[in-house]
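Student: Predicted structure and sequence below. I'll ask about it afterward.
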Amino acid sequence: APLHDVCLPDSLRAIARAGAGVNNIPLARCAEKGIVVFNTPGANANAVAELVTAALVLSVRGIVSGIGWVRSLEAGASLAQQVEKGKSAFQGTEVRGKKLGVIGLGAIGYRVANDAVGLGMEVMGYDPMITPQFAWQLSRSVQHTPTLDPMLEQADFITIHVPLNDKTRGMISADVIARMKEGAVLLNFARAELVDEDAVGQALQAGRLRCYASDFPNEKNIHFPNAILTPHLGASTVESEDNCAEMAVRQLMDYLDNGNIENSVNYPAASLGQLQPYQTRVVVLHRNVPGVISQVTTLFGENHFNIEHMVSSSREGYACALFDVSDKPQRDFIMQLINADEILKVRVIQSNGNGANG
């Protein structure tokens, strides 16, 4: 349920979304209250990649329409003859030896690329922002292109796997579709808004696109010819839901027990590792403005606390600092921190030897 109209108590420390989308969470309001919001990117990556691989085959084999036709037949002695006589209407092509272009080589994109290599396809990948994590896992058979043009000109299939933001919204435009190889298949299992569907509809009608496969049906595309539309099934597997839940719990526990932040959507990543026995960690969430860290470290020094380890990171308007100290700070000192300028939340976590508390 949406949290935009819910009163968020001061005692709330974190919110975890078992999935990627966080549009139902008031991120800015949470950040101002020092509430860290987590999501679980990549937890459903394998489920989406498998669906894309299935869509590749469905888009060129007449399987969907063939199943519908068989269901329309009446059972009887002549059924086998009807099937043999009518099957030629659903003749398709194979994917082996064809070229696939993958736009975005992140958690889902690299899996799609690798799976396509396993199917015997020639694979081209485009991702100027590819991270070392996924670059290492990408098959060496995938040809990396520095621009979109070679992919658009050569690929028999184009699949898009990028996040939706102001730069990517509508990136598969009429111009991009016009530059694609005639008769290509376009697959969109990332976000509906990445594609100009008016241009897709026109290209399908004109025969420039062979098929459009999408996980986001709407009032417009359900009328497209040669479209395969699934009801947002990308993450709908038992394994995916379990992975998302487990990842959300791990991230919450790491934050509550150690103060570490991973995969937050409103605060930066920050980690000092696992809290050691009998160690104290102070977590300071604050607005990202000059002078805050020096103000905090000065308070530590004035109160005779030795900072053994610290890490500080920022993200847009907000920041997080973690401090490991030898002694547990008293309430008076914590109140000084809380009342300092631009500080949003302060937490003290102490390990008693059996685990963290606080």
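Tutor: Alright, I've got the coordinates.

Student: Count the residues that sit near residue 192.
Tutor: 16 (other CB atoms under 10 Å). Yep, even glycine has a C-beta here, placed from its N, CA and C like the rest.

Student: could you list every residue that touches residue 241?
Tutor: 18, 235 (CB atoms under 8 Å, 6 or more residues apart in numbering).

Student: Can you tell me the element it falls in?
Tutor: helix 238-258 (DSSP states H and E).

Student: give me phi/psi at residue 328?
Tutor: phi -70, psi 120 (degrees, to the nearest 10).

Student: list the contacts for it?
Tutor: By CB under 8 Å, 6+ apart, the neighbours of residue 328 are 280, 348, 350.

Student: now swap in residue 175 and tell me
Tutor: Taking CB under 8 Å, 6+ apart, one finds nothing in contact with residue 175.

Student: ok, and it, which helix or strand is that part of?
Tutor: Counting by DSSP H and E, residue 175 is part of helix 174-179.

Student: and the next element down the chain from that helix?
Tutor: With DSSP H and E, the next secondary element past helix 174-179 is strand 184-188.

Student: and that following strand, which strands flank it?
Tutor: Note on strand 184-188: by DSSP bridges, its sheet partners are strand 157-160 (parallel), strand 209-214 (parallel).

Student: average model confidence for that strand?
Tutor: On average, the pLDDT along strand 184-188 is 98.

Student: what angle sits between the helix or strand just after it and strand 184-188?
Tutor: The C-terminal neighbour of strand 184-188 among helices and strands, as given by DSSP H and E, is helix 197-206. Relative orientation of helix 197-206 versus strand 184-188 (axes from the mean of the first three to the mean of the last three CA atoms, to 10 degrees): 150 degrees.

Student: What are the buried residues along helix 197-206?
Tutor: 197, 199-204 (16 or more other CB atoms under 10 Å).

Student: returning to that earlier point: could you turn the buried ones of the contacts of residue 328 into a PyMOL selection?
Tutor: Entered in PyMOL, the line below selects the buried ones among the contacts of residue 328, by 16+ other CB under 10 Å:
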select buried, resi 280+348+350
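
Student: Now, the contacts of residue 328 that are in strands?
Tutor: 280, 348, 350 (DSSP state E).

Student: who touches the residue lying closest to the last one once chain neighbours are set aside in this structure?
Tutor: Same thing as residue 350. With CB to CB, 6 or more residues apart in numbering as the criterion, residue 350 has its nearest non-adjacent residue at 4.8 Å, and that residue is residue 280. By CB under 8 Å, 6+ apart, the contact set of residue 280 is 324-329, 348-351.

Student: For residue 280, give the beta-bridge partners.
Tutor: Counting by DSSP bridges, the residues bridging with residue 280 are residue 325, residue 350.

Student: How much space separates it from residue 348?
Tutor: 7 Å (CB to CB, to the nearest Å).

Student: returning to what we had before: now the contacts of residue 280: which count as buried?
Tutor: 324-325, 328-329, 348-351.

Student: need those residues in a markdown table with distance to residue 140 and pLDDT, can you?
Tutor: Shown next, in a markdown table, are the buried ones among the contacts of residue 280 (distance: CB to CB, whole Å; pLDDT from 0 to 100):
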| residue | distance to residue 140 | pLDDT |
| --- | --- | --- |
| 324 | 42 | 96 |
| 325 | 48 | 93 |
| 328 | 52 | 87 |
| 329 | 52 | 90 |
| 348 | 49 | 96 |
| 349 | 44 | 96 |
| 350 | 48 | 92 |
| 351 | 44 | 85 |
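
Student: follow-up on the earlier one: export only the CA atoms of the helix holding residue 241, formatted as PDB.
Tutor: This file holds the C-alpha atoms of helix 238-258, laid out as PDB (Å, rounded to 0.1, in the frame of the first residue of the first chain):
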ATOM      1  CA  VAL A 238       8.500 -18.300  -6.500                       C
ATOM      2  CA  GLU A 239      12.300 -18.000  -6.500                       C
ATOM      3  CA  SER A 240      12.300 -14.300  -7.400                       C
ATOM      4  CA  GLU A 241       9.900 -13.500  -4.600                       C
ATOM      5  CA  ASP A 242      12.000 -15.500  -2.100                       C
ATOM      6  CA  ASN A 243      15.200 -13.800  -3.300                       C
ATOM      7  CA  CYS A 244      13.700 -10.300  -2.900                       C
ATOM      8  CA  ALA A 245      12.500 -11.100   0.600                       C
ATOM      9  CA  GLU A 246      15.800 -12.600   1.700                       C
ATOM     10  CA  MET A 247      17.800  -9.700   0.200                       C
ATOM     11  CA  ALA A 248      15.500  -7.100   1.900                       C
ATOM     12  CA  VAL A 249      15.900  -8.800   5.300                       C
ATOM     13  CA  ARG A 250      19.700  -9.100   4.900                       C
ATOM     14  CA  GLN A 251      20.000  -5.400   4.100                       C
ATOM     15  CA  LEU A 252      17.700  -4.400   7.000                       C
ATOM     16  CA  MET A 253      19.600  -6.600   9.500                       C
ATOM     17  CA  ASP A 254      23.000  -5.200   8.300                       C
ATOM     18  CA  TYR A 255      21.700  -1.700   8.800                       C
ATOM     19  CA  LEU A 256      20.100  -2.300  12.200                       C
ATOM     20  CA  ASP A 257      23.000  -4.400  13.600                       C
ATOM     21  CA  ASN A 258      25.900  -2.700  11.900                       C
END
